[in-house]
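Engineer: need coordinates for the below:
(2 chains)
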Amino acid sequence: DQQVKQNSPSLSVQEGRISILNCDYTNSMFDYFLWYKKYPAEGPTFLISISSIKDKNEDGRFTVFLNKSAKHLSLHIVPSQPGDSAVYFCAASASGGNTGKLIFGQGTTLQVKP
Amino acid sequence: DAGVTQSPTHLIKTRGQQVTLRCSPKSGHDTVSWYQQALGQGPQFIFQYYEEEERQRGNFPDRFSGHQFPNYSSELNVNALLLGDSALYLCASSWDRRYGYTFGSGTRLTVV
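Structural biologist: From the prediction side, this is the model:
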């Protein structure tokens, strides 16, 4: 049972344009969502997170949007840069303490072309 | 400030053997989680340790066990290795999920 799904295995955008990565979830108990970026031979790097009490969170070029009714979140990268090329994972956590296990999606490979 | 340190980086084992992977969390972090990432998949939660006790466990068999030491470092043990255990094993540490989980670079385990 895949509770977190990233239905697009890959995405290619031009440098300077917007990248939009999507993620869907099924478990209503999830109350915290995170995006991670992963380069080859490295561990995932935390990018940005959002609590279920919010619908938007921004950090520089990265914005995460949460639509709870649709159980959908998206990561917007504006403007996209070649260095953003990596695998992006969305992850979700349920309540039950400050730290909970993360449920990851399958990942989306982003390629930003110069 | 050192992040999460994992050792070894690569490991080759024979089916049926046992393996121990090690993790040192980021300074100030008291919670350690272990994940298995198969090729082309997202990381799958194995278990989490806090105050030297297993606090949560994912859907992994008892062949997977762990330990957390008083200095918060942790070990992942896998017994009776199967070919399907070949994967990247990631350790993540945290102290408050609002600030994210810091991952190590992982241990690439190959079972032959």
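Engineer: C-alpha from now on. contacts and neighbour counts both.
Structural biologist: OK.
Engineer: and the residue nearest in space to the middle of chain B, what element?
Structural biologist: Against the mean C-alpha coordinate of chain B, by C-alpha atoms, centre = their mean, the closest residue is B:Trp34 at 3.3 Å. Secondary-structure element containing B:Trp34, defined by DSSP states H and E: strand B:31-37.
Engineer: mind giving me the packing neighbours of that strand?
Structural biologist: Using 3 or more C-alpha pairs under 8 Å, 6 or more residues apart in numbering or on different chains; DSSP states H and E as the contact test, the elements touching strand B:31-37 are strand B:44-50, strand B:87-94.
Engineer: pick the most buried one from these.
Structural biologist: For these, ranked by mean neighbour count under the definition mean count of other C-alpha atoms under 10 Å in any protein chain shown, the leader is strand B:87-94 at a mean of 26.
Engineer: for residue 64, give me its contacts.
Structural biologist: No chain was given, so I picked chain A. Residues counted as contacts of A:Val64 (C-alpha atoms under 8 Å, 6 or more residues apart in numbering or on different chains) are A:48-50, A:56-58, A:73-76.
Engineer: ah, no, chain B please
Structural biologist: When contacts are counted by C-alpha under 8 Å, 6+ apart, B:Phe64 is found next to B:46, B:76-79.
Engineer: so B:Cys23 makes contact with B:Ser73?
Structural biologist: Yes - B:Cys23 is within contact range of B:Ser73, at 5.7 Å (criterion: C-alpha atoms under 8 Å).
Engineer: which of those two has more residues huddled nearby?
Structural biologist: B:Cys23 (26 against 23; other C-alpha atoms under 10 Å in any protein chain shown).
Engineer: okay, and the beta partners of that one?
Structural biologist: Beta bridges link B:Cys23 to B:Gln6, B:Ser74 when assigned by DSSP bridges.
Engineer: okay, now B:Gln36: neighbour count?
Structural biologist: Residue neighbour count, defined by other C-alpha under 10 Å, stands at 22 for B:Gln36.
Engineer: now swap in A:Val78 and tell me
Structural biologist: Neighbour tally, A:Val78, other C-alpha under 10 Å: 16.
Engineer: state the distance from it to chain B.
Structural biologist: In this structure, A:Val78 and chain B are 22 Å apart, going by C-alpha to the nearest C-alpha, to the nearest Å.
Engineer: show me the contacts for that residue.
Structural biologist: Counting by C-alpha under 8 Å, 6+ apart, A:Val78 makes contact with A:16-19, A:61-62.
Engineer: for those residues, which single residue is the most surrounded?
Structural biologist: Per-residue neighbour counts (other C-alpha under 10 Å) across the contacts of A:Val78 peak at A:Ser19, which has 24 neighbours.
Engineer: doesn't A:Gln81 make contact with that one?
Structural biologist: No - A:Ser19 sits out of contact with A:Gln81 when judged by C-alpha under 8 Å, with a separation of 9.6 Å.
Engineer: coming back round to it: any chance of the helices and strands packed on strand B:31-37 in TSV, with distance to A:Glu42 and mean pLDDT too?
Structural biologist: Output for the helices and strands packed on strand B:31-37, formatted as TSV (distance: least, C-alpha to C-alpha, whole Å; pLDDT from 0 to 100):
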stretch	distance to A:Glu42	mean pLDDT
strand B:44-50	16	93
strand B:87-94	10	95
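Engineer: I'd like those strands as CSV, with distance to chain A appended.
Structural biologist: Written out in CSV, the entries for the helices and strands packed on strand B:31-37 read as follows (distance: least, C-alpha to the nearest C-alpha, whole Å):
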stretch, distance to chain A
strand B:44-50, 7
strand B:87-94, 7
